[in-house]
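> Sequence and predicted structure below; questions after.
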Amino acid sequence: MSWDASAGPAAAPADRAAARHRRALVQRELTRVREAAAAWRTGLAALLVGMVGFGLVKGRSDIRELAAPYNVLIGCSLLAALTSGAVGAFLLLRAAHGRPAATAVQQTGPGRPAWGEEALDHMETLRAARSLTIGVVLTVLCAVALTAAVALTWYGPDRSVPALEVVATDGTFCGTPRGITDGGLRLRTRAGEVTVHLDDVRTLRAVDSCVHPDAPSR
């Protein structure tokens, strides 16, 4: 079987205009992707800066005060945020500024056809667009992980700590012990930190909780 090739019909002015338009789009596609990547990088960086400032709002300063496994979940969330944020930032920079490498001499030059350079630019455009997409997804995941860590820090339950119920001459106190200073037992209660002098203590016992119907706490 043999094939015969013959010239097709002459291109109309509309066909030539469409071809020129497509070629102009191909020639500028890498620039458009770079500009989009730079805009996404700036916007996502502002988002992360705002979220970090939001996370600095007063909350727990020590995650060891949280009950298990919430303290572990916060650590995992922060690790996920750090990893995804670092990789996402690298990919966004890769999409906005290109690969940190020099172009080989044989890939450019006056003797190389123009379509070859356009093909290289198109391949780089595809890589930049892929890096931009993955970088945006990872940066959003970083924001989600940061939000989860802050939420767990604020709303996670306290770690269960044995409490002391102290019956003294001036009342009953219940709270977690903070130490002994100048002959006084310091307790952290729901009303704040109080000091009970040991000379005034009548009974002292360890309890699981300070909520007792027969002994109101202070």
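Structure's in. What do you need?

> Name the single longest strand found in the chain.
For the chain, the strand that runs over the most residues, judged by DSSP state E, is strand 171-181.

> Could you pull up the residues touching D199?
G183 (C-beta atoms under 8 Å, 6 or more residues apart in numbering). Just so you know, the C-beta spots here come from the backbone N, C-alpha and C atoms, and that holds for glycine as well.

> Spell out the secondary structure type for it.
helix (DSSP: H, G, I helix; E, B strand; the rest coil).

> in its sheet, what does the longest strand of the chain sit against?
strand 163-168 (antiparallel), strand 184-189 (antiparallel) (DSSP bridges).

> which of those strands is buried the deepest?
strand 163-168 (a mean of 19; mean count of other C-beta atoms under 10 Å).

> Check the residue nearest to the spatial centre of the chain and give its pLDDT.
Averaging the C-alpha coordinates of the chain gives a centre point, and the residue nearest to it by C-alpha atoms, centre = their mean is C142 (2.4 Å). Looking at C142, its pLDDT is 92.

> if I read this right, it contacts G88, doesn't it?
Yes. With contact defined as C-beta atoms under 8 Å, C142 counts as touching G88 (6.1 Å).

> re earlier: against R127, how distant is the residue nearest to the centre of the chain?
Going from C142 to R127 by C-beta to C-beta, to the nearest Å gives 22 Å.

> Same check on A168?
74 Å.

> following the least confident helix or strand in the chain by mean pLDDT, which helix or strand comes up?
None of the helices or strands of the chain scores lower by mean pLDDT, DSSP states H and E than helix 13-55, at a mean of 78. Sequence-wise, the next helix or strand downstream of helix 13-55 (DSSP states H and E) is helix 70-97.

> Could you give the number of residues near the nearest residue to V137 once chain neighbours are set aside?
Leaving aside its chain neighbours, V137 sits nearest to G88 (7.6 Å; criterion: C-beta to C-beta, 6 or more residues apart in numbering). Residues near G88, counting by other C-beta atoms under 10 Å, number 24.

> In terms of residue numbering, what are the domains of this structure?
17-155, 163-207 (automatic domain parsing).

> which stretch in those domains is the model least sure about?
Least confident of those, judged by mean pLDDT, is domain 17-155 with a mean of 80.
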